[in-house]
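J.: got a structure for you, letters missing:
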């Protein structure tokens, strides 16, 4: 029985949210751009029972292109769980080779949320490998399970090293890394917690779950500190920003991808000056940011984005007033928005540095 989103639908979803990601050179037959152009190959694999690996590769490529955009494709559960259920040990081994290919793709091409070599995409690969590991354990495929566990351990050790390195340097980048790594640990934990309740899973389940919630015998308390700081300082700044899905103009360029919050001044400047945007586009984005502020007043990121737009627009935010819904116009002169606009970026960053020092 054919399951999962049809390749032509999936590929159209990618073009709708990140067509720019498909432009540029194609480096090899398994590069994400090559994969996304082979809809016929993906469709042929999708028609098989179980679907062939070309379909799995297409799912990974689509997720890779869109997971850091405003409208990611909804294939998480399929690439983390469902794909592996019908696979034999031989096919699972080949699927793991595909994961290795995908993990080598250049994340900087499709994400503005990369810091010190770590990104949310690394959490995606942790989660996908964890799904494959759960299946390997069910099959009793000890060699493959060892390979996957080593992949996961190596990535966790790498991210732990990044935290340690940044702790001695730039506090802002440490905060960026903290929220990214806490997200990655959460991705890993959610997949491992969904493994079948079998004795073969027990040891690794304990090893890979809730690493951001308490000290670990293997990783000490650095991940727990990252989790605590993310929860207390950064989580409100890195939610889904659903209101920003509405302004379709934000999907026209990689330059307009949202970075790690709350550090959105530069993004606001890009919105204010990008050649592809019209005044009506910018007004729609300002409206979305004000909506986020209304829904989550504690979020500083949307206010910093508004400050960036204001600083790079000749008449400031007032230039968009006539284009905003009436209920939003009043917010432009509200205390929080006024204060944000008056606060220079360097002053805001200094405040965040102080928060980091207290963390």
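T.: Okay, I see it. For clarity, every value in this text was computed on a predicted model and none was experimentally measured.
J.: per-residue confidence for the residue of the chain positioned farthest from its centre?
T.: Most distant from the centre of the chain: residue 322, at 34.4 Å, with distances by C-alpha atoms, centre = their mean. Per-residue confidence (pLDDT) for residue 322: 95.
J.: Got phi/psi on it?
T.: Main-chain torsions, residue 322, degrees, to the nearest 10: phi -70, psi -20.
J.: Which elements pack onto the one helix or strand residue 144 maps to?
T.: In the assignment (DSSP states H and E), residue 144 maps to helix 142-167. In this structure, helix 142-167 packs against helix 89-103, strand 118-119, helix 120-139, helix 171-193, helix 222-229, with contacts taken as 3 or more C-beta pairs under 8 Å, 6 or more residues apart in numbering; DSSP states H and E. In short, each C-beta sits where N, CA and C put it, glycine included.
J.: can you count the residues close to the nearest residue to residue 306 once chain neighbours are set aside?
T.: Distances taken as C-beta to C-beta, 6 or more residues apart in numbering put residue 289 closest to residue 306, at 5.5 Å, once the chain neighbours are dropped. The tally of other residues near residue 289 (other C-beta atoms under 10 Å) stands at 29.
J.: could you pull out the strands for this protein?
T.: Counting by DSSP state E, the chain has strands at residues 114-115, 118-119.
J.: Nearest to residue 210 among the ones you listed would be which one?
T.: Proximity to residue 210 (C-beta to C-beta) singles out strand 118-119 among the strands of the chain, at 19.8 Å.
J.: Give the partner strands of that closest one in its sheet and their orientations.
T.: Strands that pair with strand 118-119, judged by DSSP bridges, come out as strand 114-115 (antiparallel).
J.: Low-confidence regions, the protein specifically.
T.: Residue ranges of the chain with pLDDT under 70: 1-2, 359.
J.: who's in contact with stretch 211-226?
T.: When contacts are defined by C-beta atoms under 8 Å, 6 or more residues apart in numbering, stretch 211-226 is touched by residues 156, 160, 163-164, 177-178, 181-182, 185-186, 188-189, 207, 227-228, 230, 359.
J.: Mean neighbour count for the helices and strands packed on helix 142-167 - can I get that in JSON lines?
T.: As requested, the helices and strands packed on helix 142-167 are arranged in JSON lines below (neighbours: other C-beta atoms under 10 Å):
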{"stretch": "helix 89-103", "mean neighbour count": "17"}
{"stretch": "strand 118-119", "mean neighbour count": "24"}
{"stretch": "helix 120-139", "mean neighbour count": "24"}
{"stretch": "helix 171-193", "mean neighbour count": "22"}
{"stretch": "helix 222-229", "mean neighbour count": "22"}
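J.: now those in CSV, with distance to residue 68?
T.: Converted to CSV, those look like this (distance: least, C-beta to C-beta, whole Å):
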stretch, distance to residue 68
helix 89-103, 14
strand 118-119, 8
helix 120-139, 6
helix 171-193, 11
helix 222-229, 20
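J.: mind checking which of those is nearest residue 261?
T.: Nearest to residue 261, of all those, is helix 171-193, at 7.9 Å by C-beta to C-beta.
J.: so what does that closest one touch, helix or strand wise?
T.: Packing contacts for helix 171-193, counted by 3+ C-beta pairs under 8 Å, 6+ apart, involve strand 114-115, strand 118-119, helix 120-139, helix 142-167, helix 202-208, helix 222-229, helix 345-358.
J.: Out of these, which gets nearest to residue 82?
T.: Using C-beta to C-beta, the nearest of the helices and strands packed on helix 171-193 to residue 82 is helix 120-139, at 8.8 Å.
J.: Who are the packing partners of the closest one?
T.: Counting by 3+ C-beta pairs under 8 Å, 6+ apart, the packing neighbours recorded for helix 120-139 are helix 53-66, helix 76-80, helix 89-103, helix 142-167, helix 171-193, helix 202-208.
J.: next one: it to chain centre, how far?
T.: Taking C-alpha atoms, centre = their mean, to the nearest Å, one finds helix 120-139 lying 17 Å from the centre of the chain it belongs to.
J.: ok and it relative to helix 171-193, angle-wise?
T.: On the basis of axes from the mean of the first three to the mean of the last three C-alpha atoms, to 10 degrees, helix 120-139 is oriented at 20 degrees to helix 171-193.
J.: now helix 120-139 against helix 53-66, angle please.
T.: Using the same axes, to 10 degrees: helix 120-139 against helix 53-66 is 150 degrees.
J.: Residue 116: what's it in contact with?
T.: So residue 116 contacts 162, 165-166, 173, 176-177 (C-beta under 8 Å, 6+ apart).
J.: my bad, should have said residue 306
T.: Residue 306 makes contact with 268, 286, 289-290, 293, 317, 337, 340-341 under the criterion C-beta under 8 Å, 6+ apart.
J.: taking these one by one, which sit in helices?
T.: Mapping these onto helices (DSSP state H) picks out 268, 286, 289-290, 293, 337, 340-341.
J.: on that earlier part again, adding distance to residue 30, write the contacts of residue 116 out as TSV.
T.: Shown next, in TSV, are the contacts of residue 116 (distance: C-beta to C-beta, whole Å):
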residue	distance to residue 30
162	27
165	32
166	32
173	32
176	30
177	29
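J.: any idea which of those residues is closest to residue 247?
T.: The nearest member of the contacts of residue 116 to residue 247, counting by C-beta to C-beta, is residue 176 at 24.2 Å.
J.: I'd say the closest one and residue 117 touch.
T.: No. Residue 176 is beyond contact range of residue 117, at 11.7 Å (criterion: C-beta atoms under 8 Å).
J.: Verify the stated contact: residue 135 with residue 89.
T.: No. Contact criterion C-beta under 8 Å: residue 135 and residue 89 do not qualify, at 9.1 Å.
J.: Spit out the contact partners of residue 273.
T.: The contact partners of residue 273, by C-beta under 8 Å, 6+ apart, come to residue 312.
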